[in-house]
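**Student:** Here is my input, please return the structure:
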Amino acid sequence: MSEPTDSTSESENPAIEAPEPHPHRPRTNRDWWPDQLELSVLAQPSARGNPLGEGFDYAAAVADLDVEALKADVMAVMTDSQPWWPAD
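**Tutor:** Next up, the predicted model:
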C-alpha cells in the first residue's frame, strides 16, 4: 500500500479519510435525488376523481363483502391455469 502524501486534498490522496459529516437531520429522498419531479401537484382530490360518487360508503361496502367467497376466487385464480396465465 502506498504511503500518504503531505497533500490534504481528498481528491489528490484517497488515503486521507473524509471528514465525518455532522448532519442536523436525517437525509431525505430530496437530499439523494435533488432533481426529482415534484408530483404533489398531481394529488388534487376532486369529485371527478371518485368514480363511485361522494355518497358511496366504503365501510358499508367492505362490511357487505363475502370474504370467504373472495378468498375462494383468489385461490381459483392462482390454481386454475388459463391460456393467457399459467397457474402455480
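**Student:** How about the residue nearest the centre of the chain: what's its closest non-neighbour residue?
**Tutor:** Centroid-nearest residue in the chain, with Cα atoms, centre = their mean: residue 29, separated by 11.2 Å. In space, and not counting its chain neighbours, residue 29 is closest to residue 36: 7.1 Å by Cβ to Cβ, 6 or more residues apart in numbering. Backbone N, C-alpha and C define where each C-beta goes, glycine included.
**Student:** Is there a neighbour count for the one you found? I'd like the number.
**Tutor:** 9 (other Cβ atoms under 10 Å).
**Student:** Am I right that it is in a strand?
**Tutor:** No. Residue 36 is assigned coil when assessed by DSSP: H, G, I helix; E, B strand; the rest coil, not a strand.
**Student:** Give me the buried positions along the longest helix seen in the chain.
**Tutor:** Ranked by residue count under DSSP state H, the longest helix found in the chain is helix 67-79. When neighbours are counted by 16 or more other Cβ atoms under 10 Å, no buried residue of helix 67-79 is found.
**Student:** and that helix, how far out from the chain's middle?
**Tutor:** Distance of helix 67-79 from the chain centroid (Cα atoms, centre = their mean, to the nearest Å) equals 27 Å.
**Student:** swap in stretch 29-48?
**Tutor:** 13 Å.
**Student:** ok, residues contacting it?
**Tutor:** 53-54 (Cβ atoms under 8 Å, 6 or more residues apart in numbering).
**Student:** if you set the cut-off to 7 Å instead, what comes out?
**Tutor:** residue 54 (Cβ atoms under 7 Å, 6 or more residues apart in numbering).
**Student:** how about the helices in the protein?
**Tutor:** 29-32, 58-63, 67-79.
**Student:** And those helices, which one averages the lowest pLDDT?
**Tutor:** With a mean of 82, helix 29-32 has the lowest mean pLDDT of the helices of the chain.
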